[in-house]
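[1] I would like to see how this sequence folds:
(one chain, ligands or ions: 2)
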Amino acid sequence: MKTEIYNAKTQKENGTNLGGRLIRAGGLVAFPTETVYGLGANGLDGEAVNKIFDAKGRPSDNPLILHIAKKSDVKPLWRHVPDDARRLMDAFWPGPLTLIYLKSDIVPNEVTAGLDTVAVRMPENKTALALIRAAGVPIAAPSANLSGKPSPTTAEHVIEDMDGRIDMIIDGGPCRVGVESTVLSLVGTPTILRPGGITKEMIETVLGSVQVARAVLNPLQEGEVAESPGMKHRHYAPDCQVIVAQGSPRHAASIINREYELAEIEGKSCIIFATEQTKGYYRGRKYVIIGDRDMPSTLCAALFNALREESGKVDLILAEGIPAEDQGLAYMNRLLRASGFTVLNK
Ligand code: TXA
Ligand code: MG
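    Residues are numbered from 1 along each chain as shown. Ligands and ions are numbered 1, 2, ... in the order given. As a prediction, this is how the structure comes out:
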């Protein structure tokens with residue numbers, strides 16, 4: 001299959017109009033959002049949705065998010081719109097917050113992987129909104145990566161994974177947030193299933209307290225049922241080992257330097273994921289600065305690109321852990337998963 005590549009800046013109208021037509025005709029179109037690139041299909045057409053699973057190699061038990069272009073478009077997708085959802089939509093839509101509630105009959109089982117709930121979000125990216133409007137249907141879209149790989153934050157990442165597998169890629173430049181949306185279930189006690197750009201602290205200003213699913217920062221135990229099927233699967237894995245060092249910046253750096261030396265003695269090549277504050281600890285070693293520890297949003301924005309850059313090039317990535325607060329929760333969730341929960345604290 002030939003994949004058409006369009007630039008959202010220079011071929012704006014043409015790109016989203018063609019994309020919308022392709023989606024209505026049952027095709028697959030990758031598009032930018034403020035979080036990561038999505039791989040879109042007509043969310044009301046089960047057959048079109050099945051093509052997403054084929055193109056990504058995604059396990060069929062992992063449900064998808066429906067993307068809409070205006071708040072009221074959620075109505076036909078849910079059984080009804082609960083008050084909590086209304087308040088959150090007013091506060092955070094358009095934006096990186098996905099809400100899960102009981103699905104209506106028009107949502108195909110292919111989208112929800114057979115669950116009786118459906119995830120919906122209204123992205124804020126202009127190209128994404130224009131594409132959804134042009135399609136005239138909700139767009140089902142997971143991240144546009146091959147299953148298991150880090151999510152794509154540039155069109156180049158999408159091309160790497162999807163060229164020849166899908167109809168079209170719309171290039172809208174790098175994604176602002178860099179990690180996927182916050183996923184919040186409103187069935188029962190509001191629970192964050194996946195942290196993201198809209199933080200727990202922000203949601204609590206609207207709802208009071210919310211829970212965070214245990215699997216956000218912990219590996220699933222044997223026999224434990226995942227609240228979100230996505231938490232079962234290995235995620236964001238680069239083609240090399242990843243170790244996370246926990247503790248104060250100085251302590252984490254001393255663990256990292258020790259492991260770096262040990263690995264070098266074994267003939268392994270290493271890279272350190274450092275921060276502005278800690279780069280001084282790593283003089284003479286190979287490191288990249290991911291961002292600023294005091295602004296975890298900068299770390300989120302850079303993580304997936306850094307994982308893709310080093311994947312296959314080095315044997316070992318040594319990364320600093322940061323406090324799991326505000327956007328640090330999203331950063332640690334992705335980093336821990338990329339490491340397969342390989343953590344050292346001494
Ligand atoms: O930012 C994002 O959310 C991006 C962009 C493209 O919008 N999309 C994205 O989709 O990250 P995906 O499919 O890679 O992740 C969706 C997550 C998965 O972990 C899935 O298991 C969970 O949401 N999910 C979807 N529907 C669900 C449901 N009904 N119940 C529980 N979890 C659900
Ligand atoms: Mg994904």
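[2] Tell me if I'm right that residue 332 and residue 324 touch.
    Yes - proximity of residue 332 to residue 324 meets the contact threshold set by C-beta atoms under 8 Å, at 4.5 Å. (Each C-beta comes from the backbone N, C-alpha and C, glycine too.)
[3] Give me the contact list for the longest helix seen in the chain.
    Longest helix in the chain, counting residues (DSSP state H): helix 249-265. Contacts of helix 249-265 from elsewhere in the structure, counted by C-beta atoms under 8 Å, 6 or more residues apart in numbering, are 243, 245-247, 270, 272, 275, 277-278, 281-282, 285, 293, 315-316, 318, 320-321, 344-346.
[4] for the stretch 101-250 of the chain, which spans come out with low pLDDT?
    232-234 (pLDDT under 70).
[5] which parts of it sit against ligand 2?
    The stretch 101-250 of the chain has residues 142-143 near ligand 2, with proximity defined as C-beta under 5 Å from the ion.
[6] Closest residue of the stretch 101-250 of the chain to ligand 2?
    Nearest residue of the stretch 101-250 of the chain to ligand 2 (C-beta to the ion) works out as residue 143 at 3.5 Å.
[7] who touches the nearest residue to that residue once chain neighbours are set aside in this structure?
    Nearest residue to residue 143, sequence neighbours excluded (C-beta to C-beta, 6 or more residues apart in numbering): residue 151, at 3.9 Å. By C-beta under 8 Å, 6+ apart, the contact set of residue 151 is 36-37, 143-145, 179-180, 236, 304.
[8] Could you count how many residues lie near the residue of the stretch 101-250 of the chain closest to ligand 2?
    Neighbours of residue 143 under the rule other C-beta atoms under 10 Å: 30.
[9] From what I see, it and residue 153 are in contact.
    No - using C-beta under 8 Å as the test, residue 143 is too far from residue 153 to be in contact (9.5 Å).
[10] List the residues that are in contact with both of those two.
    Taking C-beta under 8 Å, 6+ apart as the contact rule, residue 143 and residue 153 both touch 36-37.
[11] at contact distance from ligand 1, anything in whatever helix or strand residue 111 lives in?
    Using DSSP states H and E, residue 111 sits within helix 109-112. Yes - using C-beta under 6 Å from any ligand atom, we find that helix 109-112 touches ligand 1 at residue 112.
[12] Next, the buried residues of that helix.
    Buried residues in helix 109-112, counted by 16 or more other C-beta atoms under 10 Å: 110-112.
[13] who touches residue 345 in this structure?
    Residues in contact with residue 345 (C-beta under 8 Å, 6+ apart) are 245-247, 255.
[14] Starting from ligand 1, give me the distance back to it.
    Between residue 345 and ligand 1 the computed distance is 27 Å (C-beta to the nearest ligand atom, to the nearest Å).
[15] Now the terminal residues of stretch 289-304, how far apart.
    For stretch 289-304, the first-to-last residue distance is 13 Å (C-alpha to C-alpha, to the nearest Å).
[16] Report the buried residues of that stretch.
    Buried, per 16+ other C-beta under 10 Å, within stretch 289-304: 289-291, 293, 296-304.
[17] ditto for stretch 245-264
    Neighbour-count burial for stretch 245-264, counted by 16+ other C-beta under 10 Å, picks out 245-246, 249, 252-253, 255-257, 259-260, 263.
[18] Over to stretch 177-197?
    Residues 177-186, 190-197 are the ones in stretch 177-197 that count as buried (16+ other C-beta under 10 Å).
[19] Could you check it against ligand 1 for contacts?
    Yes - Stretch 177-197 reaches ligand 1 (C-beta under 6 Å from any ligand atom) through 180-181, 183, 193-194.
[20] And stretch 206-214, by the same measure?
    No - using C-beta under 6 Å from any ligand atom, we find that stretch 206-214 stays clear of ligand 1, coming within 9.7 Å at best.
[21] in the stretch 201-346 of the chain, what residue is nearest ligand 1?
    Using C-beta to the nearest ligand atom, the closest approach of the stretch 201-346 of the chain to ligand 1 is made by residue 230 at 2.0 Å.
[22] Report the contact partners of the spatially closest residue to that residue that is not a sequence neighbour.
    Sequence neighbours aside, residue 62 is the residue nearest to residue 230 in space, at 5.4 Å (criterion: C-beta to C-beta, 6+ apart). Residue 62 is in contact with 113, 142, 229-230, 233, counting by C-beta under 8 Å, 6+ apart.
[23] Now the buried members of those.
    So, by 16+ other C-beta under 10 Å, the buried ones in these are 142, 229-230.
[24] would CSV of the residues you listed with secondary structure and distance to residue 87 be doable?
    As requested, the buried ones among the contacts of residue 62 are exported to CSV (DSSP: H, G, I helix; E, B strand; the rest coil; distance: C-beta to C-beta, whole Å):
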residue, secondary structure, distance to residue 87
142, coil, 27
229, helix, 27
230, helix, 25
